[in-house]
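>>> How does the following fold in three dimensions:
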Amino acid sequence: MSEGEVVTAPRPLTLPDGRPAMAGWTLDPGLRHLNHGSFGAVPKAAQERQDALRAEMERAPVVWFATLPERLAAARAEIARRLRTDAKDLALVPNAGAGASVVHAALAARPGGDIVVTDHGYGAVTMGAERLARRWGSRVRTARVPLTADAEQAYEAVLAEVDDEVALIVLDQITSATARLMPVERVGAEAARRGITLLVDGAHAPGLLAEPLTGLECDAWIGNLHKWGCAPRGSAVLVARGPLREELHPLIDSWGAAEPFPERFDHQGTLDATGVLAAPTALRFIDDTWGWDTARRHVDELAEYGARVVAAAFARAGTPPDPVDVGMPVPGMRLVRLPDGLGTSRIAADALRDRAPAELGVEAAFTSFGGLGYLRLSAHVYNTPEDYEHFAETCVPVVERWAREARASAAGRAR
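Numbers count the residues shown, from 1 in each chain. Alright, predicted model coming up:
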């Protein structure tokens with residue numbers, strides 16, 4: 001934010017009865033919650049629905065599990081409708097990582113078939129790809145995509161690693177550490193032309209993107225409902241189209257193994273499925289209270305405001321003044337550069353995340369990319385401009401002190 005520039009704060013959202021939107025959640029009022037993108041936050045309405053379902057399950061477990069597949073099929077249908085995809089292509093999985101594991105397990109062995117990922121990929125999913133490569137006796141190729149790359153540059157960076165030896169591409173739709181989009185539609189079209197399997201990691205997409213699957217050609221797509229969808233944790237989807245879908249099986253073999261896709265995923269032994277059954281309640285809560293279009297517009301405006309306010313506070317202390325230039329920005333998420341010396345690796349960034357609640361009174365995401373540290377802001381409807389103003393005024397000076405201490409410690413070790 002340049003000196004003298006005025007950025008208008010978006011008006012906070014309220015519940016229909018006039019209370020702040022935060023009153024619809026049970027988040028600790030003693031903390032500022034600026035990291036919705038990691039684990040989400042479940043509104044009271046969905047918590048109450050899940051509690052009621054658990055109580056029903058415990059009253060008559062035999063009846064519950066006998067009727068569970070039918071309940072899950074109904075939940076699948078509503079979730080598919082909201083994602084604007086066909087229910088016959090959508091299976092329920094515990095999280096995006098589980099969905100990726102299902103895909104990796106289903107792919108036919110292709111000795112020497114290389115796998116392409118990017119340097120923005122989510123670590124757990126990339127580790128699964130590395131394990132698959134070891135099983136195949138192949139290698140993982142990492143496409144280096146500059147943070148500032150636009151759609152064309154990102155596409156070219158990915159395709160530079162693709163040749164006739166590549167059997168699988170794993171590509172984020174929205175990257176976790178760097179809060180940017182990837183050109184999954186263009187890569188998908190080219191992968192299909194070449195006969196290469198494409199797995200799209202859309203973990204952050206449900207709720208944040210209005211139509212994450214429209215116009216996307218891929219063999220499998222995974223998305224978490226617990227992030228912007230605000231569903232209870234353990235709620236995610238695996239969407240599969242084409243021949244691969246018939247090879248996909250749940251990670252747990254159960255009595256539905258002989259069922260077709262996706263019905264076989266509705267049988268998972270004695271897993272507690274109340275979270276995913278409550279997911280439609282969470283999605284409806286946002287829709288009925290504000291409407292998803294309004295919610296998405298609000299969180300994007302709020303994230304932009306927050307990034308500018310926080311970046312300006314860091315600038316006054318000498319850190320680069322503007323929100324980070326991301327080539328394909330994503331709505332609702334922004335990056336702000338941390339002072340030099342902080343977040344230089346994933347482990348260092350996680351350490352900042354872990355100390356922030358106690359020392360800053362904030363739940364926040366600290367990430368690392370290319371040896372630089374970032375504060376990743378991810379807003380939701382319960383956030384307000386005051387959350388970011390508080391961080392700028394109260395937390396930035398503490399973070400600057402952390403940076404001075406880190407630089408002094410590094411200098412001491414270098415002597």
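>>> which residues in this protein form strands?
All strands of the chain, identified by DSSP state E, fall at 32-33, 90-93, 114-118, 140-143, 166-172, 197-201, 220-224, 236-240, 333-337, 362-363, 365-369, 372-378.
>>> Low-confidence stretches in the stretch 251-400 of the chain?
320-322 (pLDDT under 70).
>>> burial measure for Ser412, as a count.
Wrong residue type there; residue 412 is Gly, not Ser. For Gly412, the neighbour count with other Cβ atoms under 10 Å is 8. In short, each C-beta sits where N, CA and C put it, glycine included.
>>> how far away is it from Pro20?
Separation of Gly412 from Pro20 (Cβ to Cβ, to the nearest Å) stands at 46 Å.
>>> May I see the strands of the chain organised as JSON lines, with mean neighbour count and distance to Glu301 added?
Shown next, in JSON lines, are the strands of the chain (neighbours: other Cβ atoms under 10 Å; distance: least, Cβ to Cβ, whole Å):
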{"stretch": "strand 32-33", "mean neighbour count": "22", "distance to Glu301": "18"}
{"stretch": "strand 90-93", "mean neighbour count": "25", "distance to Glu301": "31"}
{"stretch": "strand 114-118", "mean neighbour count": "24", "distance to Glu301": "29"}
{"stretch": "strand 140-143", "mean neighbour count": "19", "distance to Glu301": "32"}
{"stretch": "strand 166-172", "mean neighbour count": "25", "distance to Glu301": "24"}
{"stretch": "strand 197-201", "mean neighbour count": "27", "distance to Glu301": "26"}
{"stretch": "strand 220-224", "mean neighbour count": "29", "distance to Glu301": "23"}
{"stretch": "strand 236-240", "mean neighbour count": "27", "distance to Glu301": "28"}
{"stretch": "strand 333-337", "mean neighbour count": "25", "distance to Glu301": "11"}
{"stretch": "strand 362-363", "mean neighbour count": "20", "distance to Glu301": "21"}
{"stretch": "strand 365-369", "mean neighbour count": "22", "distance to Glu301": "19"}
{"stretch": "strand 372-378", "mean neighbour count": "25", "distance to Glu301": "12"}
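>>> nearest to Leu53, of those strands?
Leu53 lies closest, by Cβ to Cβ, to one member of these: strand 90-93, at 14.6 Å.
>>> which other helices and strands contact the closest one?
Packing contacts for strand 90-93, counted by 3 or more Cβ pairs under 8 Å, 6 or more residues apart in numbering; DSSP states H and E, involve helix 61-83, strand 236-240.
>>> Output it as CSV, nothing but the C-alphas.
Provided in CSV are the C-alpha atoms of strand 90-93 (Å, rounded to 0.1, in the frame of the first residue of the first chain):
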residue,chain,number,x,y,z
LEU,A,90,-18.3,-38.3,-6.9
ALA,A,91,-17.1,-40.5,-4.0
LEU,A,92,-16.7,-39.5,-0.4
VAL,A,93,-13.3,-39.8,1.2
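>>> State the mean pLDDT of it.
The pLDDT scores in strand 90-93 average 97.
>>> Go ahead and name everything in contact with it.
72, 75-76, 79-80, 83, 99, 102, 222, 235-240, 248, 250, 261-262, 265-266, 273, 276 (Cβ atoms under 8 Å, 6 or more residues apart in numbering).
>>> Work out which residue lies at the spatial centre of the chain.
Nearest to the mean C-alpha position of the chain, by Cα atoms, centre = their mean, lies His204 at 2.8 Å.
>>> Let me see the contact set for that one.
37, 173-174, 176, 224, 227-228, 330, 333.
>>> Check Arg84 too.
Counting by Cβ under 8 Å, 6+ apart, Arg84 has contacts 211, 213-214.
>>> at 10 Å instead, please
By Cβ atoms under 10 Å, 6 or more residues apart in numbering, the contact list for Arg84 reads 210-214.
>>> out of those residues, which are buried?
212-213 (16 or more other Cβ atoms under 10 Å).
>>> for the contacts of Arg84, which one is nearest Arg407?
Nearest to Arg407 out of these is Pro212 (Cβ to Cβ; 40.9 Å).
>>> Now for Arg54, how many residues are close by?
Neighbourhood size, Arg54 [other Cβ under 10 Å]: 16.
>>> In contact with the spatially closest residue to it that is not a sequence neighbour, which residues?
Nearest-residue entry for Arg54: Thr274, 5.1 Å, with adjacent residues in sequence omitted and distances by Cβ to Cβ, 6 or more residues apart in numbering. Taking Cβ under 10 Å, 6+ apart as the contact definition, Thr274 lies against 49-57, 64, 68, 71, 232, 234-235.
>>> List buried residues within those residues.
Buried among those (16+ other Cβ under 10 Å): 49-50, 53-54, 57, 64, 68, 71, 232, 234-235.
>>> mind giving me the domain ranges of the chain?
21-30+291-414, 46-285 (automatic domain parsing).
>>> So which of those domains is nearest Pro10?
Nearest of the domains of the chain (Cβ to Cβ): domain 21-30+291-414, 4.3 Å.
>>> quick one, what contacts the nearest residue to Pro232 once chain neighbours are set aside?
Distance criterion Cβ to Cβ, 6+ apart; nearest residue to Pro232, sequence neighbours excluded, is Gly275 at 3.5 Å. By Cβ under 10 Å, 6+ apart, Gly275 lies in contact with 42, 46, 49-50, 53-54, 94, 225-226, 231-236, 282.
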